[in-house]
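> Just need the structure, nothing else, for what follows:
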Amino acid sequence: MIDPKRIWTSSQLPSLPTVAVRLLELSRDTDTLIRDVVDIIKSDPALSAKILKAANSTYFGVRCEVKSLERAVPLLGTTVTTSLALSFSLVDATMQRGPLAEHYRQYWKQSLVQATAAESLALCIAPAMAPEFFLAGLLQDIGRLAMLKTIPQEYTAVLITADREGAPLTDVESSQLGFDHAYIGGQLLEHWKLPPELIEAVRHHHDEVDALWTYRESADFSLYAASALAASVGEYFCTARKGYALDRLRRITERCFQFDESRLEAFLEEVAERIGHLAELFNVDVTDLGDPAEIMTQANEQLAQLALREHVASTQATLKHQVLEQQRQELEVRNRELERQALHDPLTQLYNRRPFEEALQREVHRCLRTATPLGVLFLDIDHFKSINDTHGHAAGDAVLRQMGDVLRKSVRASDVLARYGGEEFVILVNQPTERGFEKLAERIRQQVQETQFSHGNKTVPVTASIGGALSIPGREDHLIGEVLLSTADACLYEAKRAGRNRAIVRSLVRDDDRRLMELQSARRFSRWLVAQRMVDVPTVSRALLATSGTTARVGEIAIQQGDLTSEQVEAILAEQAQCGERFGMVALRLGWLSWERLALLLAWQQENPKQLAAALIQQGSLNPTVALAALERYLQIHSHAAASPVLAGSGTTHA
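This is a model prediction of the structure:
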């Protein structure tokens, strides 16, 4: 990257001769007289001769010979005269011999083409603006000249790269230098104090058509568009990027000047004809530009090749995208398989120990908040070593797989089943009752005993010993997970010592929690519906799964039902923060809630009656009339007020 300051501080930066500076100053003064312009030009004999030559050239088409500046300046006009004087001064100051001579010649050749194109356009759309358009076209690449003069080595490398790669010059400039010639040109013209509209035209002459179109409401839009068109004409005639230039020309002329294809071709032929006349004035050789018809053929061939390359590139990109998408999908499948393998036991396809322990921690945290029961069952296949020794390890593996199938059928979707290691399995039981937990352990033991395990055509007798532990953790029982595991493990070994093929479970539930759990279970809406024979247990269980989610605080429900006031809830929370007891126990101790009302509030906290009724209606288990009547009857029995709007919504956490 190049620091632009290196350009601005260079002693080689192009500067305007005194005559050109004075003419520019006069051009900005509306009271300038032709006599003043003539006097300044006469101070430079060489410039005077060139102005006279221009006045008599075929480019301007003056019929009678012009022999004096006094005659030439009025015929050309002060703006044209000033533009020519500035152009002659710049050409004289920069055309030189040496290693950069060809780059200078190419620069001036393209600048003259651009000036001719801009002026020719002005003659079509705004003849009075022809001198301004001419000057804009001539100076729009002045930044290239500045960089050739100040950083010749670096800029020559840019020109060579752009020519070799066929890339847009501004792209290569920005990539290798950090700025382009449009920026440098605009800054230089601003330094020379040229008109603002000319400076902006130079800055925007390489804008894309859509960006250019955003200036359409500006008074100077036609000058900006003419500069952009002239830049493309310059590329069209003077560079190898003829196809790109023609495509841009078509878009600019169609959008900005409403040219059709035939009008554009005629315009380019007109520019080609006028270029030679202008080049004579500046002694610039343009004989290598080529025939307009041949250039058009080359440009269209390039566009066809570009279209073909773009089609091939698009096809390749599509294929590459398809390959990448296939690879991505395969990688996702592989990752899912790796994740499944990391979380599942390869033999039984049950969870392994790691996801079980993670699930246990999650459930512990939930139960700490909700005061709900949690149970763990350990199952160990009896005499498994003997099975391996008698029937072989393949038979042992078959027994383990079949054991996994038996256990899958025995647990609920909300429970977590895993192979803990070897012949040992573990079940995390979600919100069991003490009686239900005991029945589950015994039912699993019995199902294992009654299942016909086999390997090949041989029957393998299998029984299992089960140990379990159940608890309702207190608010500070953060180690309850480890306690449940160790207690269940101890019960398992107790079952083995007692003769195997038996289930021993131990409840760690405190008496107060047991009383609340029993009262709460009896008051649940789901249990009431089953007791009324309106639904069966599997149906209501499916509905409960659909209503699982966040629940309201006990204090909020108590306020809704009129059991507690807001002040009482605040007082209970303050006391709770001091003693660490659960909300309900504090309310009981303070005498603000009875055991029965607290149990009902906890039942509604765990099981929102209104949501359960909606779920039963949604799954088609109850028609709306029956479900709403059942809900109203249940609330009449258990609420302080008939048809209470209990639990209209749910909160986020428990008190």
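
> Contact partners for residue 161?
167, 172, 176 (C-beta atoms under 8 Å, 6 or more residues apart in numbering). For glycine as for every other residue, the C-beta is placed from the backbone atoms N, C-alpha and C.

> Look up how far residue 7 lies from it.
Distance, residue 161 to residue 7, by C-beta to C-beta, to the nearest Å: 19 Å.

> out of the contacts of residue 161, which are inside strands?
Nothing among the contacts of residue 161 maps onto strands, per DSSP state E.

> Show me which of those is closest to residue 115.
Using C-beta to C-beta, residue 172 comes nearest to residue 115 of these, at 23.9 Å.

> Might one say that the closest one is in contact with residue 165?
Yes - taking contacts as C-beta atoms under 8 Å, residue 172 lies within contact range of residue 165: 7.4 Å.

> Give the residue from these two that has the larger number of neighbours.
residue 172 (20 against 10; other C-beta atoms under 10 Å).

> which ones are touching the more buried one?
Contacts of residue 172 (C-beta under 8 Å, 6+ apart): 158, 161-162, 165.

> Now it: closest residue in space, sequence neighbours ignored.
The shortest distance from residue 172 to any non-neighbouring residue, by C-beta to C-beta, 6 or more residues apart in numbering, is to residue 162 (4.4 Å).

> So that neighbour sits against residue 168, correct?
Yes - contact status for residue 162 versus residue 168: in contact at 7.4 Å, counting by C-beta under 8 Å.

> Show me which of the two is the more surrounded one.
Neighbours per residue (other C-beta under 10 Å) separate residue 162 from residue 168, with residue 162 holding more: 21 against 17.

> and that one, what pLDDT?
Note for residue 162: predicted pLDDT of 89.

> Do a quick rundown of the helices in the stretch 501-650 of the chain.
According to DSSP state H, counting those that start in this stretch, the stretch 501-650 of the chain carries its helices in the segments 511-522, 525-531, 537-546, 554-560, 566-579, 583-590, 595-606, 609-618, 624-638.

> Could you pull up the residues touching the closest residue to residue 44 other than its chain neighbours?
Leaving aside its sequence neighbours, residue 44 sits nearest to residue 19 (C-beta to C-beta, 6+ apart; 4.7 Å). By C-beta under 8 Å, 6+ apart, residue 19 lies in contact with 40-41, 43-44, 47, 85, 89.

> again with residue 454
So residue 454 contacts 398, 402, 460 (C-beta under 8 Å, 6+ apart).

> Quick check: beta-bridge partners of it?
residue 459 (DSSP bridges).

> Counting neighbours, what do you get for residue 249?
23.

> typo on my end, it should be residue 319
Residue 319: 10 neighbours (other C-beta under 10 Å).

> so where does it fall, helix or strand?
helix 292-343 (DSSP states H and E).

> Just list what that helix packs against, helices and strands only.
helix 221-238, helix 242-257, helix 261-282, helix 353-370 (3 or more C-beta pairs under 8 Å, 6 or more residues apart in numbering; DSSP states H and E).

> roughly how far is the first one from the heart of the chain?
Between the centre of helix 221-238 and the centre of its chain there are 38 Å (C-alpha atoms, centre = their mean, to the nearest Å).

> what does the third one give?
Taking the mean C-alpha point of helix 261-282 and that of its whole chain, the gap between them comes to 49 Å (C-alpha atoms, centre = their mean).

> And stretch 211-223, by the same measure?
33 Å.

> Now that stretch: buried residues?
Across stretch 211-223, burial judged by 16 or more other C-beta atoms under 10 Å covers 212, 215, 220-223.

> again with stretch 618-628
621-622, 627.

> again with stretch 388-395
Buried residues in stretch 388-395, counted by 16+ other C-beta under 10 Å: 388, 391, 395.

> so where's the stretch 351-500 of the chain shaky on pLDDT?
Residue ranges of the stretch 351-500 of the chain with pLDDT under 70: none are present.

> can you map out the helices along it?
353-370, 384-391, 393-410, 434-450, 480-497.

> The stretch 51-200 of the chain now?
For the stretch 51-200 of the chain, the helices defined by DSSP H, counting those that start in this stretch cover 69-76, 78-94, 101-125, 130-139, 142-150, 152-165, 169-177, 181-191, 196-203.

> What about residue 379, how many residues nearby?
Neighbours around residue 379, by other C-beta under 10 Å: 28.

> cool, and the one 3 residues further on?
Each residue near residue 382 was counted by other C-beta under 10 Å, and the total is 20.

> Over to residue 44?
Neighbour tally, residue 44, other C-beta under 10 Å: 18.

> And residue 630, by the same measure?
As a burial measure, residue 630 scores 20 neighbours (other C-beta under 10 Å).

> Touching, it and residue 622? I think so.
Yes - counting by C-beta under 8 Å, residue 622 is a contact partner of residue 630 at 7.2 Å.

> can you list residues touching both of these two?
In contact with both residue 630 and residue 622: 534, 613, using C-beta under 8 Å, 6+ apart.

> mind checking how far residue 289 is from residue 393?
Distance from residue 289 to residue 393, counting by C-beta to C-beta: 89 Å.

> what's the answer for residue 432, then?
Taking C-beta to C-beta, one finds residue 432 at 35 Å from residue 393.

> same question, residue 435
Counting by C-beta to C-beta, the gap from residue 435 to residue 393 is 40 Å.

> gap between the least confident helix or strand in the chain by mean pLDDT and the chain center?
When each helix and strand of the chain is scored by mean pLDDT, DSSP states H and E, helix 78-94 comes last, with a mean of 72. Centre-to-centre, helix 78-94 and its host chain are 53 Å apart (C-alpha atoms, centre = their mean).

> That one: which residues count as buried?
Going by 16+ other C-beta under 10 Å, helix 78-94 has these buried residues: 78-91.

> how about TSV for the residues you listed, with distance to residue 54 added?
Putting the buried residues of helix 78-94 into TSV (distance: C-beta to C-beta, whole Å) gives the following:
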residue	distance to residue 54
78	14
79	14
80	9
81	9
82	12
83	10
84	5
85	10
86	13
87	10
88	9
89	13
90	15
91	12
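
> Backbone dihedrals for residue 220, both of them.
phi -100, psi 10 (degrees, to the nearest 10).

> For residue 470, which of the helices of the stretch 351-500 of the chain is the nearest?
helix 434-450 (4.9 Å).

> ok, and what's touching the closest one?
373, 375, 377, 379, 403, 406-407, 409-410, 427, 429, 432, 462-466, 468, 470, 501-503, 505, 507, 509, 514, 517.
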